[in-house]
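Student: Sharing a model that was predicted from the sequence below.
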Amino acid sequence: MRPFPKTRAVSHRRFLVALALMPGCGPTEGERFRDLQREINALKVEKIQLEERLEKRDARITKLDAQIQNLRNNGGIPHEPVFGIDRIKILGITGGADTDQRLGDDAVVVYFRPIDIDGDTIKRAGEIEITLLDILADPKPEVLGHRVDNNPQRVRKLWYGKFWTNHYKVVVPFAPGAAIAPGQEVDVHVRFMETATGREFTDRKVIEISRVLPEE
């Protein structure tokens, strides 16, 4: 069989292109409109499903918030959580600190950990309150320093979870005018209220600080 002449092959291709462009060979305007309408309807259904999921999520959050508030109002929870906090512990590295580059401690750096029933450190969000007391003051203990952190974002930045850390670190400055003698013992009180349950945990530790009298 002899091949088509070149001119006849070109004409044949042009005929196929023209045939493809003729009305009725591709999707009609009505078919394109129906396809677009189907896509719009599918998006509407997906939007409704997403809105329903968000409503269920918001309802669940509201229910959990109500449960937490109820637990706080009743002063506790009905039973001990399996993986919850059992206690908090002030670490031995807690001590005086020089934060103003002047001789002598002007603050106390407090390190503490939430610990579960197995003695393992666990990270939990909560409100932190630390009070520094002079237990030898007469006639009642004198408050040497006090700090409260209850903003979630600020408390989050107080947690250190890298190598050899996993603890909260809180700097508590001495109150202006606090009468502190060299080598004075300071009674450190930590209160931690867990956000999820409203339960409170406390610990205390007596430390000795380095202090220099003004005349020295």
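Tutor: Sure thing, it's come through. Residues are numbered from 1 along each chain as shown.
Student: And the strands in the protein?
Tutor: 87-90, 95-97, 107-115, 126-134, 142-149, 159-160, 167-173, 185-194, 200-208 (DSSP state E).
Student: which one of the ones you listed lies closest to Asn70?
Tutor: strand 185-194 (15.3 Å; C-beta to C-beta). All C-beta atoms are positioned from the backbone trio N, CA, C, and that covers glycine.
Student: Could you export that closest one as PDB, keeping only the C-alpha atoms?
Tutor: What follows is strand 185-194, C-alpha atoms only, in PDB (Å, rounded to 0.1, in the frame of the first residue of the first chain):
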ATOM      1  CA  GLU A 185      16.800  32.600 105.900                       C
ATOM      2  CA  VAL A 186      13.800  33.100 103.600                       C
ATOM      3  CA  ASP A 187      10.700  30.800 103.800                       C
ATOM      4  CA  VAL A 188       9.600  30.200 100.200                       C
ATOM      5  CA  HIS A 189       5.900  29.200  99.700                       C
ATOM      6  CA  VAL A 190       4.600  28.000  96.300                       C
ATOM      7  CA  ARG A 191       0.900  27.500  95.500                       C
ATOM      8  CA  PHE A 192       0.000  26.000  92.100                       C
ATOM      9  CA  MET A 193      -3.600  25.700  91.000                       C
ATOM     10  CA  GLU A 194      -4.100  23.300  88.100                       C
END
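Student: Identify the residues contacting it?
Tutor: With contact meaning C-beta atoms under 8 Å, 6 or more residues apart in numbering, strand 185-194 is reached by 84-85, 88, 90, 94, 96, 108, 110, 112, 114, 124-136, 141, 144, 180, 199-209.
Student: That one vs strand 126-134, what angle?
Tutor: Orientation check (axes from the mean of the first three to the mean of the last three C-alpha atoms, to 10 degrees): strand 185-194 against strand 126-134 gives 160 degrees.
Student: ok, strand 185-194: who's next to it in the sheet?
Tutor: strand 126-134 (antiparallel), strand 200-208 (antiparallel) (DSSP bridges).
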